[in-house]
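K.L.:
Here's a sequence, model it:
(one chain, ligands or ions: 1)
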Amino acid sequence: MLTIEQLQKSFTIHHLQKTFPALQNISLHVAEGGFLGIVGKSGSGKSTILKSIYRTYEPQEGRILFESKAFGTIDLLQATPRQIVYLRKHEIGYVSQFLNVMPRTTALELVTQSLLDVGVAQEEAISRAEQALRHFDLDEKLWNSYPNNFSGGEKLRLNIACAVVKEPRLLLLDEPTASLDQASKLKVRESIEKLKAQGTTLIGIFHDLEFMEGLCDDVFTMTKYVEKEVLA
Ligand SMILES: Nc1ncnc2c1ncn2[C@@H]1O[C@H](COP(=O)(O)OP(=O)(O)OP(=O)(O)O)[C@@H](O)[C@H]1O
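P.N.:
Presented below is the predicted three-dimensional model:
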């Protein structure tokens, strides 16, 4: 489903006029329906890998080959912005600890909209959105409120509902359970297990290794390339 070959990414800090390596020669593979866990020290580049797959970041070298339903095998680093927008809507989901709130959009509207975006009819979209919010225990009183005032955990559960409701083929999880209590974590785990059973391919970063136990088919361990070695 996804093969990364020799990925390299560095960041240039302009005011320091220096470039720092974040990823050096990363190669990995995730089979269709598999769950790859990424572990490693803070700052070793775990999030940078996920953000490169989602094309939030543009690595300087390497290939990220994705088996797309719409485009066949596609190198995500070479994909056009239009293709990336399509893939984000239909095939690749990304969940982090942070919610992208839209102005004057309620929680229910936000989840419904992500289904309308992929062509689900209005009535079904609302019903599936409600199911997802219920599943992730978002208090019904909040469904018609604006999420900018939600607590961290509430925002996160809404974020997960938005991504998961579309049943993407590849789901990227960037420490989505970081600020959740045990009961909410179990809900997330339940959902991940369900998605896995449905054949969704997953790549996830979790600090809580206990949470990952029994979920991952494979673990990729990041080693910090160099301690802040300056390239230029
Ligand atoms: N937008 C950015 N600009 C500059 N440097 C960045 C940027 N994003 C990440 N980095 C740097 O790249 C390195 C890898 O960061 P990354 O967030 O991928 O690590 P991580 O393994 O996910 O860390 P953590 O477990 O603490 O979240 C770090 O040294 C970080 O400071």
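K.L.:
Please make it C-alpha for all contacts and neighbour counts, starting now.
P.N.:
Fine.
K.L.:
need the next SSE after the helix or strand of the chain with the lowest mean pLDDT, C-terminal direction.
P.N.:
The least trusted helix or strand in the chain, going by mean pLDDT, DSSP states H and E, turns out to be helix 209-212, with a mean of 76. Secondary structure here is assigned by DSSP states H and E; on that basis, the next helix or strand after helix 209-212 toward the C-terminus is strand 218-222.
K.L.:
The residue nearest the centre of the chain sits in which helix or strand?
P.N.:
The chain has residue 94 as the residue nearest its centroid, 2.3 Å off, counting by C-alpha atoms, centre = their mean. With the criterion set as DSSP H and E, the secondary-structure element containing residue 94 is strand 92-95.
K.L.:
so residue 39 makes contact with residue 221?
P.N.:
Yes - checked against C-alpha atoms under 8 Å, the pair residue 39 and residue 221 is within contact range at 4.9 Å.
K.L.:
and stretch 28-43, what's its mean pLDDT?
P.N.:
Here stretch 28-43 scores 92 as its mean pLDDT.
K.L.:
What about contact with the ligand: does that stretch have any residue there?
P.N.:
Yes - looking at stretch 28-43 against the ligand by C-alpha under 6 Å from any ligand atom, the contacts come from 41-43.
K.L.:
now those as JSON lines including neighbour count?
P.N.:
Formatted as JSON lines, these follow (neighbours: other C-alpha atoms under 10 Å):
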{"residue": "41", "neighbour count": "12"}
{"residue": "42", "neighbour count": "11"}
{"residue": "43", "neighbour count": "14"}
